[in-house]
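Student: Any chance you could fold what I've pasted below:
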Amino acid sequence: MNKMKITMIKTLIITVIIMLVIQLAEGLPWWFFVIPVMIFGIYISIRKWNVRAFPVGFSAGFLVWFAGNLYFHLTYNGIVLKKIGLLLSVPTVIVLLVAGIIGGLIAGLALYTGQHVLSDKNYSHNNNV
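Tutor: Alright, predicted model coming up:
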């Protein structure tokens, strides 16, 4: 396995752990995981890890949100997701997938943003202004 794949897998695992720890904390809003994931993206940038941040963050977010919703679906006999599915006129599987995609997009954008906060690749210095 090459070094980039190992770094991406390591980043995926760390991001999943960050998201799980934040979600288990009581009293925090559901979106609070964005802040630590973004800070981890800054850490990735500082350490100069060669990681494609959005796909890794998306995978971590999808995995956590899909698995979390599946866990609650199985724990509560599917009552909540069935009602959401009836409300939206879609099957339960679609509700699970959409929740995973939403979590993936949010986590992917957070990790990508964090990685590029300190990046100055596209920043042009114009001293004539």
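Student: Not counting sequence-adjacent ones, nearest residue to the residue nearest the centre of the chain?
Tutor: Nearest residue to the geometric centre of the chain (C-alpha atoms, centre = their mean): residue 107, 2.3 Å. Nearest-residue entry for residue 107: residue 61, 2.7 Å, with adjacent residues in sequence omitted and distances by C-beta to C-beta, 6 or more residues apart in numbering. To be clear about C-beta, it is placed using only N, CA and C from the backbone, and glycine gets the same treatment.
Student: The one you found and residue 106: what is the separation?
Tutor: For residue 61, the distance to residue 106 equals 6 Å [C-beta to C-beta, to the nearest Å].
Student: okay, these two: which has more neighbours?
Tutor: Higher neighbour count among residue 61 and residue 106: residue 61, with 28 against 20, using other C-beta atoms under 10 Å.
Student: which secondary structure element contains the more buried one?
Tutor: Assigned by DSSP states H and E, residue 61 falls within helix 53-75.
Student: Which residues does that helix contact?
Tutor: Here helix 53-75 makes contact (C-beta atoms under 8 Å, 6 or more residues apart in numbering) with 8, 11-12, 15-16, 19-20, 23, 37, 41, 44, 80-81, 92, 95-97, 99-112, 114-116.
Student: Please check those and keep the buried ones.
Tutor: Neighbour counting with 16 or more other C-beta atoms under 10 Å marks 8, 11-12, 15-16, 19, 37, 41, 44, 81, 92, 95-96, 99-100, 103-112, 114-116 as buried within these.
Student: Keep only those of those that are in helices.
Tutor: Applying DSSP state H to the buried ones among the contacts of helix 53-75, the entries found in helices are 8, 11-12, 15-16, 19, 37, 41, 44, 81, 92, 95-96, 99-100, 103-112, 114-116.
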